[in-house]
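Q: take this sequence and fold it.
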Amino acid sequence: MVYSARGTLGGASVVEFGELLRNSRMASGMSLGELARRIKYSKSQVSKVENGRARAGRMFARLCDEALGTGGTLAAAVSPEPTRTEAPPPDEVWVLELDEAGTLRFTERPRAQVHAGAGADLGYAPGRGRRPAIDDRTFALLRKSFDDHHVLGTMTSPALVLGQVIAHLHTLRTLAVDNPEPMRSDLLVLAARAAEYAGWMSQEAGEEADALRWTDRAVTLAGERDPHLASFALFRHAEVALYQHNPVRTIELAKLAQRDHLAGPRILGLAARCEAQGHALAGDVGAYEKALDRAAELLATREPSPGPVLGPASVPDDLGLVRGWSLYDLGRPGESAELLEQHLTEVPSSARRARARFGVRCTLAHAVNGSPEQACAVARDVLADVAVVDSATIRLDLRELYRTLNRWRSLPQVLDLQNELLPLLR
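A: Residues are numbered from 1 along each chain as shown. The predicted model follows:
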C-alpha cells in the first residue's frame, strides 16, 4: 500500500471506513458507548460514522486507533482532506534598499521581481562603477543586519521580514563579485544563510514552492564553503512535507539528511527530530520514540558554526514541545495538552512565533480531548501572538481548532472564541 500526497492511505469511502471501524471495535470487545467515552465524542456521532452517515476526520481516526489499539490502521484508511485554497498574494511588496545617495529606504517592487529566480539581480547594486571593498568591520555589520532580520522573524509577520531578507541576500551576493578571498567566501556563506532564511519565511507566508526554491538556492550559493547546507536543505524539504501532512515523504527526506557524513550533530539532530514527527504523523510509536531519542542525543552536542545558527533558535530546548506536538498526532491529545502547557512556560515572551505555534497546538489538543473550556482559556494567552506573527503553517491548526470547536457552539465562550478566530483564518 502507498501513501497519497497528503500522507493518508487508500482513501476508503465513508461506508467502508464505517465498516472498518465497527469491525475493529467489535474485535476489541469494546462497546459503542465505551469507545465514544474514550475518544470524547458523543455516542450518536460514533454511530453515524460506523453506519456511513458521517465522514471521519483524520484526528477522529487517530483517536479510535489509540483507543482500540489498531496501530494506525484507521487513520491510514481516512480519505484525504480537500486541499485548501489560499488567497492570491499582493502584486506589490516592500523591500529595503540603498538608493544612489547611500540612504536605506523602503521601495515598492513588483512581486515577480522580488521573487525572481537565480538570474535575478534584485537588491541594490552599490552605486555605479567600482563596488566597495568590504573589511572585517563592515562584514560584522552586514552579519548583524542579518541577525536582526532573523530576530524580527521570530516576533512578527513574514510579510515584514521577507522582502528585507531577500534584498540583503542580493546585496551580499553582489558585493561578493568584486571582493577577493577570503571575504568573497564569507559574503557568499552569509548570503546562503539569508537564502535559507528566506525559504523559511516564504513557508510561513504560505508560499511553499518559493520556500523550497530559496532553500535549494542557499546550497548553490554556499557550494563547498558551507558543507552543512546540503543536508540542511533536505531537512527543510522534510519540514515542508510534514506541514503538508505527508509522513512518508517527511521520513524519507529526514533520513536522507541523516546520511550526509558532512552534516554536523545539530543538523543531524534536527533531521532526526523531523523524522520522529513524521513517524508520529504515520502513527508508528516505536519508530517515533527511537528517532526522538536519537535527536535528543545529537542536539545535546555543541559544535562551532561557520555562520549564523541554522534552524530554529528562539527556544533553547524545544524537544519537550516537539514531544507534546507529536503526542497529538499519535492520537493522545490529553497527554499532548499537559506536556505542551508545561513547556510553554519556558518559551521566552520574545519568541512570539514559537509561542503561537505550540500554544495553538495546545489549544487544539485540549479541544480534541473534550475540554472546550480549557481550550478557550489557553487560547486567550496565545491569540495576540498568532495575530502578530501571521503564519500560514499555524493557520493549519487554527482551521482544525475552529472545526473542532463546532461540537460546543452552544457554549458562549466557544462561540466568542470562534468569532475571534475568523479574522485570523482569512
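Q: the residue lying closest to residue 46 once chain neighbours are set aside sits in which helix or strand?
A: Excluding its sequence neighbours, the residue lying closest to residue 46 (CB to CB, 6 or more residues apart in numbering) is residue 36, at 4.6 Å. (Glycine included, C-beta is placed from N, CA and C.) Per DSSP states H and E: residue 36 is located in helix 32-39.
Q: beyond that helix, next helix or strand please.
A: Using DSSP H and E, the first helix or strand after helix 32-39 is helix 43-50.
Q: circling back to that earlier point, residues of the helix holding residue 36 that come out buried?
A: By 16 or more other CB atoms under 10 Å, the buried positions in helix 32-39 come out as 35, 36, 37, 39.
Q: distance to residue 74 and pLDDT for these - can I get that in JSON lines?
A: Shown next, in JSON lines, are these (distance: CB to CB, whole Å; pLDDT from 0 to 100):
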{"residue": "35", "distance to residue 74": "11", "pLDDT": "94"}
{"residue": "36", "distance to residue 74": "15", "pLDDT": "93"}
{"residue": "37", "distance to residue 74": "17", "pLDDT": "93"}
{"residue": "39", "distance to residue 74": "11", "pLDDT": "93"}
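Q: can you list the residues you listed in a markdown table and add distance to residue 285?
A: Shown next, in a markdown table, are the buried residues of helix 32-39 (distance: CB to CB, whole Å):
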| residue | distance to residue 285 |
| --- | --- |
| 35 | 20 |
| 36 | 23 |
| 37 | 23 |
| 39 | 17 |
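Q: residues in contact with the residue lying closest to residue 227 once chain neighbours are set aside?
A: For residue 227, ignoring the flanking residues on the chain, the nearest one in space by CB to CB, 6+ apart is residue 262 at 4.0 Å. Counting by CB atoms under 8 Å, 6 or more residues apart in numbering, residue 262 touches 227, 228, 230, 231.
Q: swap in residue 278?
A: By CB under 8 Å, 6+ apart, the neighbours of residue 278 are 238, 241, 242, 247, 248, 250, 251, 254.
Q: check which helix or strand the closest residue to the first one other than its chain neighbours maps to.
A: With CB to CB, 6+ apart as the measure, residue 253 is the residue that lies nearest to residue 238, at 3.7 Å, once sequence neighbours are left out. With secondary structure defined by DSSP H and E, residue 253 is part of helix 247-258.
Q: what is the mean pLDDT for the lengthiest helix in the chain?
A: Looking across the chain with DSSP state H, the single longest helix is helix 183-204. Average pLDDT, helix 183-204: 94.
Q: kindly report the same for stretch 168-176.
A: 93.
Q: so what's the residue count around residue 209?
A: 11 (other CB atoms under 10 Å).
Q: now do residue 54
A: 16.
Q: try residue 425
A: 11.
Q: tell me who's in contact with it.
A: 395, 398, 399, 402.
Q: so residue 181 sits in a helix?
A: No - going by DSSP: H, G, I helix; E, B strand; the rest coil, the assignment for residue 181 is coil, not a helix.
Q: residue 424 versus residue 391, what's the distance?
A: Counting by CB to CB, to the nearest Å, the gap from residue 391 to residue 424 is 10 Å.
Q: buried set for stretch 254-266?
A: Counting neighbours by 16+ other CB under 10 Å, one finds that the buried residues in stretch 254-266 are 254, 255, 257, 258, 260, 263, 264, 266.
Q: so for that stretch, mean pLDDT?
A: The model assigns stretch 254-266 a mean pLDDT of 88.
Q: same check, this time on stretch 330-337
A: On average, stretch 330-337 scores 96.
Q: ok, and what's touching that stretch?
A: 59, 62-67, 75, 280, 283, 285, 288, 324-328, 361-362, 364-366, 368-369, 371, 374, 378.
Q: can you tell me how far residue 209 is from residue 215?
A: 11 Å.
Q: picking up where we left off before, next, format the contacts of residue 278 as TSV and append distance to residue 319.
A: Formatted as TSV, the contacts of residue 278 follow (distance: CB to CB, whole Å):
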residue	distance to residue 319
238	17
241	20
242	16
247	19
248	23
250	17
251	18
254	15
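Q: what's the helix or strand encompassing residue 144 packed up against?
A: For residue 144, the element it lies in under DSSP H and E is helix 136-153. Secondary-structure packing of helix 136-153 (3 or more CB pairs under 8 Å, 6 or more residues apart in numbering; DSSP states H and E): helix 158-177, helix 183-204.
Q: now do the strands in the chain.
A: 92-98, 104-110 (DSSP state E).
Q: which of these has the lowest average pLDDT?
A: Looking across the strands of the chain, the weakest by mean pLDDT turns out to be strand 92-98, at a mean of 44.
Q: please parse the chain into its domains.
A: 14-76, 89-224, 227-313, 323-425 (automatic domain parsing).
Q: which stretch in the ones you listed is the model least sure about?
A: Averaging pLDDT over each of the domains of the chain puts domain 89-224 lowest, since it has a mean of 78.
Q: next, count neighbours for the residue nearest to residue 360 when sequence neighbours are not counted.
A: In this structure, residue 360 finds its nearest non-sequential neighbour in residue 397, 4.7 Å apart by CB to CB, 6+ apart. Applying other CB under 10 Å, we find 23 residues neighbouring residue 397.
Q: do the same with residue 186
A: 21.
Q: which residue packs closest to it, ignoring adjacent ones?
A: residue 139 is the one closest to residue 186 (CB to CB, 6+ apart), at 6.0 Å.
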